[in-house]
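# Build me a model:
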Amino acid sequence: MGTSYKISLSSFLSITIMMVLGALLFSANQAVADDDDYVVQLGYYNCDHMTAAPIAKEAGIFDELGLKVNVTGNGQVPQAMAAGRMDAGYIGIHGLMRARLKGAPIFVSANNHLGGSYYLVVSNDIKTPQDLIGKKLSLGSNPTKRSASWVGFTAANNIPVDPAKYEVFAMADKDEFIALKTHSLDGYLTCDPWGSMAEYDGCGWIMETFSKLPSTNDWGVCCVLAMSNEFGKEHPELAKKMIQAHVKALEFIYTQPKRAAEIFAKAYSVPEEVALMTIFKKTVAEERTLNWEVDKGKIQDEIDYNVSIGTLDAAPPLEEFVNVEFLNAAKVDDFKTFIKEKVDPIFPMGMTYEQWKAKALEIHAQRG
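Below is the predicted model:
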């Protein structure tokens with residue numbers, strides 16, 4: 001009787017273990033099946049900083065990695081992610097932190113852009129910062145609380161920071177360019193391609209290029225690849241692949257700039273020459289500012305500077321909104337090694353635009 005009981009118990013344990021393993025295997029297989037069918041919702045602003053999104057789609061990088069991705073441009077990305085309508089998005093780190101402070105369940109998964117490629121564009125009859133006083137400027141809503149570029153520029157040039165001293169508007173970047181061209185606006189803050197577009201068109205010029213943090217004279221962090229907490233939790237393998245796609249897209253921009261410019265021109269509805277000018281600025285002229293490495297020190301510098309000038313009331317602790325779990329799991333190339341081995345020998349720092357463009361066209365022709 002005792003032996004029979006022992007055999008029964010042993011059998012029971014074996015059956016239980018098999019059932020558990022079976023359930024786990026079924027769950028894993030179901031997760032893979034779910035990932036195979038899942039369409040990732042990815043958003044980005046129509047700003048050159050976020051160009052990895054259309055590049056990854058049009059260059060076939062998402063397909064190469066087996067990803068189904070619906071890319072949406074010019075959306076309210078933090079709001080859409082907070083509402084659960086978007087899984088991942090290219091967004092400014094300040095917007096992400098403000099959204100996080102309001103409870104948005106989103107986090108930094110990888111870096112995207114250190115800074116720079118952000119400009120104060122003015123009409124040709126504006127010659128000095130003092131000429132801006134009383135003029136029609138598109139500075140966005142509440143620039144003294146939301147634009148470190150404007151606050152820093154006014155302080156450095158001893159002109160009023162108070163928006164009441166100007167006619168201030170909040171417009172989309174493309175609309176700003178059109179308004180400047182039609183003499184309805186005297187200046188605007190913008191990212192590319194609308195700085196390069198004004199120069200290409202001849203209707204305006206770049207009075208100021210905003211780049212490194214004045215507090216450290218070093219790069220901070222401009223914008224990132226963000227993800228929703230739910231997406232990271234429910235689809236960790238897809239989260240990892242999205243980061244791999246992000247890195248491949250940035251590498252594509254550095255190493256195939258002519259093809260990248262073709263995609264950029266189509267996505268942003270600008271001439272290809274403007275797209276080339278834009279890519280040159282962020283890969284050579286203003287240093288290698290497209291960068292996927294997460295540097296928490298630079299993020300903290302960005303926070304400290306913005307808090308010090310009042311453009312950020314507070315910031316969540318880094319450990320609450322920066323998560324490199326998927327970046328580490330993705331096992332992507334080391335950024336510095338990639339630049340040293342794949343970019344520096346072909347597109348060295350210090351190249352003129354003409355030299356860089358000639359090399360970009362040559363490489364494109366060789367690839368066929």
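
# hey, let's count contacts and neighbours off CA atoms from now on
Fine.

# which stretches of the stretch 51-200 of the chain form helices?
52-58, 61-64, 77-82, 93-101, 143-146, 148-157, 173-181, 194-201 (DSSP state H, counting those that start in this stretch).

# Out of those, the one nearest residue 121 is which?
For the helices of the stretch 51-200 of the chain, distance to residue 121 was read as CA to CA. The smallest value, 6.2 Å, belongs to helix 194-201.

# Contacts for the closest one next, please.
Applying CA atoms under 8 Å, 6 or more residues apart in numbering, the set of residues contacting helix 194-201 from outside is 118-121, 173-174, 177, 181, 204-206, 270, 274, 277-278.

# Among those residues, which one has the most neighbours?
The most crowded member of the contacts of helix 194-201 is residue 121, carrying 30 neighbours; neighbours defined as other CA atoms under 10 Å.

# give the contact list for the closest residue to that one other than its chain neighbours.
Of all residues beyond its chain neighbours, the one nearest residue 121 is residue 206 (4.5 Å), with distances taken as CA to CA, 6 or more residues apart in numbering. With contact set as CA under 8 Å, 6+ apart, residue 206 has these partners: 119, 120, 121, 122, 195, 199.

# what's the next secondary structure element after the helix or strand containing residue 329?
Of the helices and strands defined by DSSP states H and E, residue 329 is found in helix 325-330. Reading on from helix 325-330 to the C-terminus, the next helix or strand found by DSSP H and E is helix 335-338.

# chain center to that next one, what's the gap?
Between the mean C-alpha location of helix 335-338 and the chain-wide mean there is a distance of 19 Å, by CA atoms, centre = their mean, to the nearest Å.

# Would you mark the buried spots in that helix?
Using 16 or more other CA atoms under 10 Å as the test for burial, helix 335-338 gives no buried residues.

# Just after that helix, pick out the following helix or strand.
Going down the chain from helix 335-338, the next helix or strand is helix 353-367, by DSSP H and E.

# which other helices and strands contact that following helix?
Helices and strands touching helix 353-367, as assessed by 3 or more CA pairs under 8 Å, 6 or more residues apart in numbering; DSSP states H and E, comprise helix 257-268, helix 272-280.

# Dump these into TSV; add distance to residue 291 and mean pLDDT as well.
Listed next are the helices and strands packed on helix 353-367 as TSV, based on distance: least, CA to CA, whole Å; pLDDT from 0 to 100:
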stretch	distance to residue 291	mean pLDDT
helix 257-268	16	95
helix 272-280	14	96
